[in-house]
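Asker: would you be able to build a 3D model of this:
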Amino acid sequence: MKSDLIAVLLVAFLAIPCVSIAQTPNASPVPNANGQAPPTERERALMLELQKVEERLKTIEQQLPQAPAPASVTPQQSVGVGGSPQATAESERSSYGVLDASGQGFLVAETPHAALWIGGYALVRYMNQMPADQTFTDHLGNVNTVDPRNDFQFHRAMINFRGYLGSPKLRYQITAWAVMSTNQTTIYGFIGYQFHKTFNAYGGTSSIGGSRSLSGSHPFWLGNDRVMADDPRIQLARDLFAAWSSGDADAPEPFLHPDAVLSDIVGGEHHGWPAIRAFFADGLKVWPDLQLIPDQFWTSDDGVALSWLMSATVTDRAGGHFGADAVGKTWHSAGMTWLRVVDGRVAFEMDYHDRGAIEASLR
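Answerer: Just a heads-up that it's a prediction; the model follows:
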């Protein structure tokens, strides 16, 4: 390509001077020692221009992008003897150094035979126990001085090493947990085999499942030491609704104030435990297997709200209303409840649900 450009430029530069030479006669040049006439001033100027053009082409050629390698040879391969590709460098694997935001940590390495994740968690807290001058009286009546704190503290740290060995089903975890506030350091772990999605066998030391679990949701709690699931009002609501689902008319009594009020959007308002029990007992005669299953909870300063799903089986006693074909079928009705809690017991319960939802679910 470069030689073609030079030839075209040479013709362009020589064409015009040749016409000028033919129109302007000059003295005949004197031959040199080799029998060749020395270049004229115009020819030397043309040669200088050609040299400049050639240098310019070299500069442009260096600035052009390199042509792609042949398809049979990748950028990470070189051609060996006989033209066979030979790998010169291993490409970086995407399975190294991956951060899993769900709490697994960093994926250090993963192969078909082994894997290792490393996850860390730490808590730094600010303690303010001011004012500085405080006292307390112990059980013997002695007055003691309180040594309050007002500082930042590196409270605790946890490092998890987890993965699998030999097979993705053979899982392990090793955890190092240090609590600086109590000067404790613990190392524990477990190993297990996942036989099936419904059956896993593990042995070792781990946590009991729940809202304070050391794995899974940990450390993604809503608070450092407490979450809504541990709110005693939430547990009170669970216990009360378990009593409503027990089939025992006396089961809800421990969770209600003696003068509690139950207001049901369909069944009316009932004041005091005797009236509430009578209303509940009448309902159990029609729906002996009544179930009220809580779903979600919301809390405020003076109580808790929850959504639930109510269900029961249509008995012969209720067949007269829903029809003989409905006997034996299970109906469902969703609803919500507001509970006002006073001194650890329910003082007021308001139930909201649709009267027509039962019949609609049986269609």
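
Asker: would you list every one of the helices in the stretch 201-350 of the chain?
Answerer: Assigned helices in the stretch 201-350 of the chain, in chain order: 232-244, 273-286, 316-322 (criterion: DSSP state H, counting those that start in this stretch).

Asker: got the buried residues for the shortest one?
Answerer: By that I understand helix 316-322. Taking 16 or more other C-beta atoms under 10 Å as the basis for neighbour counts, the residues of helix 316-322 that come out buried are 318, 322. From N, CA and C alone the C-beta is placed, and that goes for glycine too.

Asker: distance from the chain centre to that helix, please.
Answerer: Relative to the chain's own centre, helix 316-322 is displaced by 50 Å; criterion: C-alpha atoms, centre = their mean, to the nearest Å.

Asker: quick thing: my sequence starts at 50, can you match it?
Answerer: OK, 50 is where the count begins now, so the last one is helix 365-371.

Asker: which regions of the stretch 150-299 of the chain sit below the pLDDT cut-off?
Answerer: Within the stretch 150-299 of the chain, the segments meeting pLDDT under 70 span 150-153, 255-279.

Asker: where do the strands sit along it?
Answerer: Remark: strands assigned in the stretch 150-299 of the chain by DSSP state E, counting those that start in this stretch are 154-159, 163-177, 183-186, 192-195, 199-214, 216-228, 233-245, 248-253.

Asker: now render the ones you listed as JSON lines, adding distance to A291 and mean neighbour count.
Answerer: Formatted as JSON lines, the strands of the stretch 150-299 of the chain follow (distance: least, C-beta to C-beta, whole Å; neighbours: other C-beta atoms under 10 Å):
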{"stretch": "strand 154-159", "distance to A291": "38", "mean neighbour count": "16"}
{"stretch": "strand 163-177", "distance to A291": "34", "mean neighbour count": "14"}
{"stretch": "strand 183-186", "distance to A291": "40", "mean neighbour count": "10"}
{"stretch": "strand 192-195", "distance to A291": "43", "mean neighbour count": "10"}
{"stretch": "strand 199-214", "distance to A291": "34", "mean neighbour count": "16"}
{"stretch": "strand 216-228", "distance to A291": "34", "mean neighbour count": "16"}
{"stretch": "strand 233-245", "distance to A291": "31", "mean neighbour count": "13"}
{"stretch": "strand 248-253", "distance to A291": "28", "mean neighbour count": "10"}
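
Asker: so for G321, which of the ones you listed sits nearest?
Answerer: Shortest distance between G321 and the strands of the stretch 150-299 of the chain, using C-beta to C-beta, is found for strand 183-186: 42.2 Å.
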